[in-house]
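*Asks:* How does the following fold in three dimensions:
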Amino acid sequence: SNCKSELDDLLNTVETVKAVLEDADAKQESLNSQEKHYIQELKDAVYDADDVLDEFLTLVKQKQLRNNKVIAFFSRFKHLTHRLSSKVQRVNDKLNKIASKSVKFSFKVDYKPIKFTKEETSSFMCDQIIGREEDVEKIIGFLLGSVNVDHSNVSLLAIVGMGGLGKTALAQLVFNDPRVSKAFPLMRWTCIADQDQQQLDLKGHLGKIVKGFSLSDKMSLEDIHHEVKEQLGGKQYLLVLDDVWTESYDDWQKLEGFLKVGGRGSWIIVTTRSKKTAQMIGGDQVHVLQGLSEAESWNLFETMAFQAEERDDERVKIGKEIVKKCINVPLAIRVVASLLRGQSKSKWLSFHDNGLDYLSETNDTMTRILKLSYDQLNPSLKACFAYCAIFPKDWRIYKQKLIWLWMAQGYISSENVGEDYFRILLQRCFFQDIREDKFGTINSCKIHDLLHDISEKAAGDEICRFRFDTSNVGKRVRHLFFMSTPHAHHIFNANHIRTCLRIKNCRMDQLVASKSILKWTCLRSLDLRRTRAKSLPESIGQLLHLRSLDLSDSHLEVLPKSITKLVNLQTLLLNRCTRLKQLPNDLSKLVDLQTFNLDSCRSLKQVPDDVNKLVHLSTLSVAHCDALNCMPTNISMLTCLHTLCEFVVGVRENSTQRQCFNGLKDLQHLNKLKGRLEIHIAVLKDAKFVKGEHGGGGYLRGKQHLYTIVFNFRCGEEYGSKESEQALLEEMHPHHDIKTLELYGYHGETIPRWPGRGDNSAFFYLPNLATLKIRNCSELLYLPWQIEKLPYLKTLEISELLNMEYVADSETHVLGEGSSFFPSLDNLMISKLPKLKGWWRSSGSEFLVRISIAGDKKLERLGE
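*Replies:* Predicted coordinates for the structure are as follows:
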């Protein structure tokens, strides 16, 4: 058909144009204005082409045609293809018209980014701080000195230096020093980052300084000032204002006037690149931060650039020449060293000869070095990093959310690729200031403001951070971040916007109520968190391109049926929608859904069974859904599922307890689950759980990627069968590598003796256990005695065990030669055990008073 032929032509043309755009991006610095305009026209046309192609694929999905039977689609749905054909023709004509000008410019693909060597590294590489000990001591000396320098209650100190020297890192070292935290009862940190503000946003900055205060557009400056005085007035505080740019004395005086309400000995530390700002703020108290010494610069480069057995005289010589070009600036050294790490000697030489030959000690050297590192990323990584410009400076970026956004824009194909890209950008020092969970998994990061400048420049006019003083949004804006609540008079180009994000306190209700935001038909990502509407318009189903929809923390009671038309949806967030009572049928139509978060939907009674057809679903989160009685049937069909925070074994409406126990067979087959799993179990008093009848047991045995397992038995008058719960728990059989085990509400008298490794003890079967918590198990009589021999157990909490007289059911407590009593225990909590007499039956209650753990560790408190 004509339409199919035109689509094929369009696909080929787009691929060619993308190659031209990649080449042009590598030459961005040398393009003249005419060339830049030409490239912008090409980009616009590629976006249009992408929309048309995506619309076609969406229609194919909606007609549920499989096996790529595109010809059948064209023959059966002529009324649709006619409309598509017109769109395709218009885009093709536009591209051809622009392409006809290409002879003037001679773009080609002739650059090769440095291929990044995949390796496992620790995060210390980009966060390690070298050579600032003297600076730290000098500043702490100021703060803790007995004389208040300017004879007022609040003193000021400015740290000044060029970008990339580590002013923020130095302030963080001071801020986190134990001597400082001991001296200042009240400590606050806020990032000003007013580089792009014509006038200092007093209201916004003061709003960030006060804690637990919900800032809204309706609040006056006086309201916020009152709150500042409430929180800071008369108290000795340390306040850090990071990245201040304003050189306006009047603006600074206004801000300072609001803040100088502290008690005697208070300090305000300001970091800035501007010497004028530093003098204006700090007066005589200005700390000028210098570059690293030659030795410190080389030490930093050497730590980051060399892998094992790579160091040789020739590399060292090349490396020292490269370090000189980095003008002793830590950020430049980190970025260049991480770029060269793991590369061949020829790549080092090429970078030295070609990459740095135009650098000299000028003001823009840092920017050029960082841009050079950006230029060596592959096109997909460039797109991912440029997209990060949508976030304000100093914004804490959550890794999982960023990966969802990258996927929605089509920069990456899967979460696994996103994890790899995040790791590469982190290792190349584009990301910094990471935070990890207790198991060492990175969950968030920030971007240095100089690198943020690079991402903004790369993104160009496509990014807009909307503020209260923004009049209209440019026609080339593709990605919007609302810093202030938009109102009806604001004008948006609905045909182009692909991302709509917002800060927490920004309300989108007006745009939803007017349905104007639902006319942004090109949206890929939409953030409607905290909407107060009880329902959404059915017109949301028209957002055919939508991949990521965040409706969390909303007042929604139902979802529109049309939401199932969003067949491209990959991420659907409904967490903390506490009023949501029901989900629409036909969720199986969301064929691309990968993440479905229903955490804390406390009114939701059931997840439709047809979610078991969402074959790409990798995350289904139903934590704290208090009204949920059962899991969807045949959930084991979700073969990609790796995150399931909670699994409910309960009583489904119109089903017997026995039928609900059969759901355990689904759990048995979900062996890709990782992280934490909480199993909620509701066993009726008259229920009979027969071992071997519901899939044969061993429901958790194959789940080697779980590190935390929580068993939570439902309590109440109609729940609690001692024998059935004991039999069911015995059939669970956790994998022996788990680190944390928690047991709540269990009605059994003993904990099952899961077999394993030649020992009959439950806890010796779990040799790597680090945390054990047992609570509200009123019938439990004892724990297996081997618990005190667990080599890695650090935390033990036992409480509300009303019938327990002895912790261990053993007449002897001989540990054996070389054995220690709790060799690793740091935290022990024993509370609400009213019948407790001792640890072992033979030891007597005196033991509880004199208990000594791991030699020198003395137990000071046992709880109630």
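*Asks:* got the buried residues for the longest helix along the chain?
*Replies:* Among all segments of the chain classified by DSSP state H, the helix with the greatest residue count is helix 33-62. Within helix 33-62, the residues that count as buried by 16 or more other CB atoms under 10 Å are 35, 38-39, 41-56, 58-60. All C-beta atoms are positioned from the backbone trio N, CA, C, and that covers glycine.
*Asks:* do stretch 172-182 as well
*Replies:* Burial within stretch 172-182, assessed by neighbour count using 16+ other CB under 10 Å, is assigned to Gln172, Leu173, Val174, Phe175, Asp177, Val180.
*Asks:* So which elements touch the helix or strand containing Lys208?
*Replies:* Using DSSP states H and E, Lys208 sits in helix 202-209. Contacting helix 202-209 under the criterion 3 or more CB pairs under 8 Å, 6 or more residues apart in numbering; DSSP states H and E are the following elements: strand 186-191, helix 221-232, helix 249-259.
*Asks:* so what's the residue nearest in space to the middle of the chain bridging to?
*Replies:* Against the mean C-alpha coordinate of the chain, by CA atoms, centre = their mean, the closest residue is Tyr398 at 2.4 Å. Tyr398 has these beta-bridge partners by DSSP bridges: Ser444.
*Asks:* Would you agree it is in contact with Asn443?
*Replies:* Yes. Between Tyr398 and Asn443 there is a contact under CB atoms under 8 Å: 6.5 Å.
*Asks:* Check the offset of the longest helix of the chain from the chain's centre.
*Replies:* On the basis of CA atoms, centre = their mean, to the nearest Å, helix 33-62 sits 30 Å off its chain's mean C-alpha point.
*Asks:* quick check: mean pLDDT across it?
*Replies:* The average of the pLDDT scores along helix 33-62 is 84.
*Asks:* List the buried residues in stretch 278-287.
*Replies:* Of the residues in stretch 278-287, those buried by neighbour count under the rule 16+ other CB under 10 Å are Ala278, Met280, Ile281, Gly282, Gln285, Val286, His287.
*Asks:* and for the strand or helix carrying Trp404, what are the contacting residues?
*Replies:* For Trp404, the element it lies in under DSSP H and E is helix 399-409. Contact partners of helix 399-409, identified using CB atoms under 8 Å, 6 or more residues apart in numbering, comprise 383-384, 387-388, 412-415, 418-419, 421-422, 442-445, 498-499, 524-525, 547-548, 570-571, 594-595.
*Asks:* Filter these down to the buried ones and hand me the PyMOL line.
*Replies:* One line in PyMOL is enough to select the buried members of the contacts of helix 399-409, burial here meaning 16+ other CB under 10 Å:
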select buried, resi 383+384+387+388+412+415+418+421+422+442+444+445+498+499+524+525+547+548+570+571+594+595
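*Asks:* mind listing which of the contacts of helix 399-409 are in helices?
*Replies:* Among those, the members found in helices (DSSP H) are Ala383, Cys384, Tyr387, Glu415, Gly418, Glu419, Tyr421, Phe422.
*Asks:* Same list, the residues you listed, but as TSV with distance to Leu331 and pLDDT please.
*Replies:* As requested, those are exported to TSV (distance: CB to CB, whole Å; pLDDT from 0 to 100):
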residue	distance to Leu331	pLDDT
Ala383	23	94
Cys384	20	97
Tyr387	21	97
Glu415	29	93
Gly418	25	96
Glu419	25	94
Tyr421	21	96
Phe422	19	96
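*Asks:* and of the residues you listed, the nearest to Leu769?
*Replies:* The shortest approach to Leu769 among the ones in helices among the contacts of helix 399-409 belongs to Glu419, at 27.9 Å (CB to CB).
*Asks:* contacting residues for the closest one?
*Replies:* Contacts were defined as CB under 8 Å, 6+ apart; by that measure Glu419 touches Ile403.
*Asks:* for Pro752, same thing?
*Replies:* The contact partners of Pro752, by CB under 8 Å, 6+ apart, come to Gln726, Leu729, Glu730, Met732, Ala762.
*Asks:* hmm, 10 Å instead?
*Replies:* Gln726, Ala727, Leu728, Leu729, Glu730, Glu731, Met732, His733, Ala762, Tyr765, Pro784 (CB atoms under 10 Å, 6 or more residues apart in numbering).
*Asks:* Okay, now the unreliable bits of the stretch 301-450 of the chain?
*Replies:* Along the stretch 301-450 of the chain, segments meeting pLDDT under 70 span 308-309, 355-363.
*Asks:* Let's see that with 80 instead.
*Replies:* Residue ranges of the stretch 301-450 of the chain with pLDDT under 80: 307-311, 353-366, 438-439.
*Asks:* which stretches of it form helices?
*Replies:* Along the stretch 301-450 of the chain, counting by DSSP state H, counting those that start in this stretch, helices occupy 313-325, 330-340, 345-350, 365-375, 379-387, 399-409, 415-427, 449-459.
*Asks:* most packed of those helices?
*Replies:* When you average the neighbours per residue for each of the helices of the stretch 301-450 of the chain (mean count of other CB atoms under 10 Å), helix 330-340 leads with a mean of 26.
*Asks:* helices or strands next to that helix in the packing?
*Replies:* helix 124-127, helix 294-305, helix 313-325, helix 345-350, helix 365-375, helix 415-427, helix 449-459 (3 or more CB pairs under 10 Å, 6 or more residues apart in numbering; DSSP states H and E).
*Asks:* And the fifth one, what does it pack against?
*Replies:* So that's helix 365-375. Based on contacts counted as 3+ CB pairs under 10 Å, 6+ apart, the elements that helix 365-375 packs against are helix 2-26, helix 313-325, helix 330-340, helix 379-387, helix 449-459.
*Asks:* Each with direction, which strands does the helix or strand that comes right after the last one pair with?
*Replies:* To tie it back to what came earlier, the one meant is helix 449-459. The helix or strand immediately downstream of helix 449-459 is strand 463-466, counting by DSSP H and E. On the basis of DSSP bridges, the sheet neighbours of strand 463-466 come out as strand 479-482 (parallel).
*Asks:* how distant is the partner strand from the center of its chain?
*Replies:* Computed by CA atoms, centre = their mean, the chain-centroid distance of strand 479-482 equals 19 Å.
*Asks:* tilt between the longest helix of the chain and helix 399-409?
*Replies:* Taking axes from the mean of the first three to the mean of the last three CA atoms, to 10 degrees, helix 33-62 and helix 399-409 form an angle of 90 degrees between their directions.
*Asks:* ok, back up a step: which outside residues touch the helix holding Lys208?
*Replies:* Helix 202-209 is contacted by residues 188-194, 197, 201, 213-217, 219-221, 223-225, 227-228, 231-232, 237, 239, 241, 244, 251, 254-255, 257-259, 394, 467-468, 483-484, 505 when judged by CB under 10 Å, 6+ apart.
*Asks:* could I get stretch 137-156 in CSV with only the CA atoms?
*Replies:* Written as CSV, here are the backbone C-alpha positions of stretch 137-156 (Å, rounded to 0.1, in the frame of the first residue of the first chain):
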residue,chain,number,x,y,z
GLU,A,137,40.6,23.2,59.8
LYS,A,138,40.8,26.9,58.9
ILE,A,139,37.1,27.2,58.4
ILE,A,140,36.2,25.2,61.5
GLY,A,141,38.6,27.5,63.4
PHE,A,142,36.5,30.4,62.3
LEU,A,143,33.2,28.7,63.3
LEU,A,144,34.3,27.6,66.8
GLY,A,145,36.4,30.6,67.6
SER,A,146,35.4,32.4,70.9
VAL,A,147,35.2,35.8,69.3
ASN,A,148,32.2,36.6,67.1
VAL,A,149,34.0,38.4,64.2
ASP,A,150,31.6,41.2,63.4
HIS,A,151,30.3,41.6,66.9
SER,A,152,26.7,40.6,66.0
ASN,A,153,24.9,37.4,66.8
VAL,A,154,25.2,36.1,63.2
SER,A,155,28.5,36.1,61.4
LEU,A,156,29.1,35.4,57.7
